[in-house]
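1. Quick one, fold the following:
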Amino acid sequence: MSLIHPTAIINSSAKIDKSAQIGPYCIIGENVIIEKNVILLSNVVISGRTTVGEGTKVWPFTVLGGEPQDLKFAGEDGSLVIGKNNSIREHVTMHFGTEAGGLETTIGDNNLFMAGSHVAHDCLIGNNCVFANNVMLAGHVIVGDFAILGGLSAVHQWTRIGSYSFLGGFSALTKDLIPFGLAIGNRAVLEGLNLTGLRRRNFDSSEIKKVKEAYSILFESSETEFKKRVILLKDSKIQSTVVNDIIDFVSQKGNRSYCLPES
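-> Predicted coordinates for the structure are as follows:
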């Protein structure tokens with residue numbers, strides 16, 4: 001029995017693994033690659049240079065590989081690369097990359113994109129993230145592993161979101177959110193550490209104590225300049241991979257300032 005429904009419209013140049021299931025009324029364009037055990041339930045549109053990774057399941061009325069909503073887009077041949085075992089729910093949209101962002105939008109593995117969420121051009125999404133309903137990512141956003149973004153939250157272009165961080169629902173994030181950070185509000189401010197997420201991911205009490213110490217140095221220090229607080233944190237020589245992740249994040253030059261606690 002064929003795993004491709006007879007109502008599906010598939011370009012002859014598309015590469016579809018024989019184990020993939022293509023449901024009713026799906027439209028698959030040229031240059032699309034569908035890997036092993038992918039399931040497209042129905043009414044899914046995939047276009048452009050889009051790769052859908054092994055084991056990914058896509059729900060109805062999702063559009064993958066659409067043209068960027070960017071006035072600077074001049075028809076360049078970008079791509080969208082989606083990793084393995086992602087769950088992409090109804091009405092999700094993901095756009096391919098532009099020249100300004102290296103021509104590629106990248107989605108990692110094991111992510112959940114709930115209904116209505118949007119990933120714009122040139123975003124880089126890690127692994128094991130959760131995007132609740134109607135999360136909106138603007139262009140060039142970077143999201144680290146295990147991040148959770150609450151429903152109806154919006155992220156400004158060029159913003160970075162660190163691994164294991166949590167952005168509350170209805171938030172508007174316009175600044176970089178540190179790894180393990182928790183932010184909420186319009187505009188979002190740093191509320192503290194995502195301690196619940198750390199415990200759920202089995203970080204032990206000693207690691208949590210160290211990340212609390214690092215947070216205190218960065219955000220509760222009497223030193224007023226943030227870059228000097230970063231130096232203080234480096235000089236503290238806290239032995240922790242978690243703290244090292246934070247140091248690496250704040251040491252990289254981004255396009256945004258940092259999401260800070262409310263003064």
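
2. from here on, contacts and neighbour counts on C-alpha atoms
-> Noted.

3. residues in contact with residue 79?
-> Taking Cα atoms under 8 Å, 6 or more residues apart in numbering, we find residue 79 in contact with 48, 49, 50, 65, 96, 97, 103, 104, 105.

4. I'd assumed residue 104 was in contact with the fifth one.
-> Yes: Residue 96 is in contact with residue 104 according to Cα atoms under 8 Å; the separation is 6.0 Å.

5. Pull up the overlap in contacts between the two.
-> Listed as contacting both residue 96 and residue 104 by Cα under 8 Å, 6+ apart are 78, 79, 80, 121, 122.

6. neighbouring contacts of the helix or strand encompassing residue 50?
-> Using DSSP states H and E, residue 50 maps to strand 49-52. Identification of contacts with strand 49-52 by Cα under 8 Å, 6+ apart yields 30-35, 38, 64-65, 77-84, 96.

7. for the shared contacts of residue 96 and residue 104, which one is nearest residue 255?
-> Closest approach between those and residue 255, by Cα to Cα: residue 122, at 14.3 Å.

8. In three-state terms, label that closest one for me.
-> Of the three states, residue 122 takes coil under DSSP: H, G, I helix; E, B strand; the rest coil.

9. quick one, what contacts residue 27?
-> Contacts were defined as Cα under 8 Å, 6+ apart; by that measure residue 27 touches 8, 9, 10, 43, 44, 45, 46.

10. now swap in residue 116 and tell me
-> Residues near residue 116 by Cα under 8 Å, 6+ apart: 89, 90, 91, 92, 93, 133, 134, 135.

11. can we see that at 6 Å?
-> Applying Cα atoms under 6 Å, 6 or more residues apart in numbering to residue 116 gives the contacts 91, 92, 133, 134.

12. and the helix or strand just after the strand holding residue 50, how far from the chain's centre?
-> Heading C-terminal from strand 49-52, the first helix or strand you meet, by DSSP H and E, is strand 57-58. Centre-to-centre, strand 57-58 and its host chain are 17 Å apart (Cα atoms, centre = their mean, to the nearest Å).

13. what does strand 57-58 rub up against?
-> With contacts defined as Cα under 6 Å, 6+ apart, strand 57-58 is touched by 38, 39, 40, 87, 88.

14. same thing but at 7 Å, please
-> The contact list for strand 57-58, computed with Cα atoms under 7 Å, 6 or more residues apart in numbering, reads 38, 39, 40, 41, 86, 87, 88, 89.

15. wait, which of those residues is closest to residue 146?
-> Proximity of the contacts of strand 57-58 to residue 146 (Cα to Cα) peaks at residue 86, which lies at 13.2 Å.

16. my guess is that closest one meets residue 53, correct?
-> No: judged on Cα atoms under 7 Å, residue 86 makes no contact with residue 53 at a distance of 8.0 Å.

17. Between these two, which has more neighbouring residues?
-> Higher neighbour count among residue 86 and residue 53: residue 86, with 25 against 22, using other Cα atoms under 10 Å.

18. do you know how far that one is from residue 56?
-> To residue 56, residue 86 is 5 Å away according to Cα to Cα, to the nearest Å.

19. and if you look at residue 79?
-> For residue 79, the distance to residue 56 (Cα to Cα) stands at 17 Å.

20. Keep only those of the contacts of residue 27 that are in strands.
-> Those of the contacts of residue 27 mapping onto strands are 9, 10, 45, 46, per DSSP state E.
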